[in-house]
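> Only the shape, not the letters, is given here:
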């Protein structure tokens, strides 16, 4: 994927025809945001995604979960992936629908193998001061998938509080 | 989006020889906040001969793994000085984070400050 340095500005792309076609499965249009490695900018995007989820009536506990997982994924990308290098960018793509939110976060770091991380819940690792981010992402999201290079993660959360309009109608 | 500055409210009770710590920021997320909280607590531990500290989470509605890391560092510093650390008033959503990470096994967590107070061994 071509990740260009945008000189520190955030860049938003309108959904392409391809993305709109992908949204035909009911996931809503994809929105792409790119920004340089800065945690404050990451939090602006976090806020934007959470607001979109609120607009789609995600429950309070789902918003808590998404915020927690997003925070961990963004810190991983900006701090551990891009090492806070302002020349490197983070690309986020997300789409929000009433029944689910999908978010991909990609950094320009070398990537890592999540399978190689020590289990932070093992008795001997409980005092480790880091290494719990991925555990939390997996616990709080419906699905967490890393690309083979380990520099891109896709987070999905289903809105369990969402009832299909048809199903609702049948209960009336 | 600027977050509110990280501050801790420290209340020393000379009768019980304990220090009660309360967060004045609802979200323990921001790197700067976490570093600030870590520094303030480290300074407190330095000052106390045998620290007896109760940290109340009553005001906290969000935290991150980085915040957990800082709490572990604080716990280790307290233990190193032969002190005692208790956590209290953790809401169910935040407590779930402790359960998932199994840090409920590492920290001594009590429903209220009073319960935490009563659990402390004599100095």
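Okay, I see it. Just so it is clear, the model here is predicted, and its values are computed rather than measured. Numbering: from 1, shown residues only, chains lettered A, B, ... in the order given.
> contacts and neighbour counts: CA atoms only from here.
Noted.
> From the chain's centroid, how far away is the strand or helix carrying residue A:91?
Element membership for residue A:91 (DSSP states H and E) is strand A:89-96. Distance, stretch centre to chain centre, for strand A:89-96: 7 Å (Cα atoms, centre = their mean, to the nearest Å).
> Low-confidence stretches in chain B?
Residues of chain B meeting the criterion pLDDT under 70: B:1-6, B:123.
> That one: strands as residue ranges?
Here chain B has its strands, by DSSP state E, at B:8-13, B:18-23, B:27-28, B:52-56, B:62-63, B:84-88, B:109-110.
> Can you tell me which of those strands is nearest to residue A:98?
Residue A:98 lies closest to strand B:62-63 among these, at 24.2 Å (Cα to Cα).
> now for the closest one, which elements pack on it?
helix A:60-75, strand B:27-28 (3 or more Cα pairs under 8 Å, 6 or more residues apart in numbering or on different chains; DSSP states H and E).
> closest one to residue B:100 among the ones you listed?
Of all the helices and strands packed on strand B:62-63, helix A:60-75 comes closest under Cα to Cα, at 12.6 Å.
> tell me the mean pLDDT over the closest one?
The predicted model gives helix A:60-75 an average pLDDT of 96.
> what residue lies at the spatial centre of the chain?
In the absence of a named chain, chain A is used. By Cα atoms, centre = their mean, chain A has its centre lying nearest to residue A:103, at 3.8 Å.
> that's the other chain; I wanted chain B
So for chain B, Cα atoms, centre = their mean, it's residue B:55, sitting 3.5 Å from the centre.
> so what's the closest residue to chain B within chain A up against?
Closest to chain B within chain A is residue A:129: 4.0 Å, counting by Cα to the nearest Cα. The contact partners of residue A:129, by Cα atoms under 8 Å, 6 or more residues apart in numbering or on different chains, come to B:66, B:68, B:69, B:70, B:72, B:73.
> So which of the residues you listed is the closest to residue A:77?
residue B:66 (14.2 Å).
> And the helices in chain A?
A:17-22, A:39-55, A:60-75, A:133-140, A:165-171 (DSSP state H).
> Switch the ones you listed over to JSON lines; also include mean neighbour count.
Shown next, in JSON lines, are these (neighbours: other Cα atoms under 10 Å in any protein chain shown):
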{"stretch": "helix A:17-22", "mean neighbour count": "13"}
{"stretch": "helix A:39-55", "mean neighbour count": "18"}
{"stretch": "helix A:60-75", "mean neighbour count": "21"}
{"stretch": "helix A:133-140", "mean neighbour count": "19"}
{"stretch": "helix A:165-171", "mean neighbour count": "8"}
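> rank the ones you listed by pLDDT, which is bottom?
helix A:17-22 (a mean of 47).
> ok, back up a step: for the helices of chain A, could you give me JSON lines that also reports distance to chain B?
Shown next, in JSON lines, are the helices of chain A (distance: least, Cα to the nearest Cα, whole Å):
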{"stretch": "helix A:17-22", "distance to chain B": "29"}
{"stretch": "helix A:39-55", "distance to chain B": "6"}
{"stretch": "helix A:60-75", "distance to chain B": "7"}
{"stretch": "helix A:133-140", "distance to chain B": "6"}
{"stretch": "helix A:165-171", "distance to chain B": "29"}
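> Looking at these, spot the one closest to residue B:59.
That would be helix A:60-75 among the helices of chain A, by Cα to Cα, at 15.6 Å.
> Distance from that closest one to the middle of the chain?
Distance, centroid of helix A:60-75 to centroid of chain: 8 Å (Cα atoms, centre = their mean).
> Out of the helices of chain A, the one nearest residue B:109 is which?
Comparing the helices of chain A by Cα to Cα, helix A:133-140 comes nearest, at 19.9 Å.
> what helices or strands is the closest one leaning on?
Counting by 3+ Cα pairs under 8 Å, 6+ apart, helix A:133-140 packs on helix A:60-75, helix B:92-100.
> Of the ones you listed, give the one that comes closest to residue B:34.
Residue B:34 lies closest, by Cα to Cα, to one member of the helices and strands packed on helix A:133-140: helix A:60-75, at 13.3 Å.
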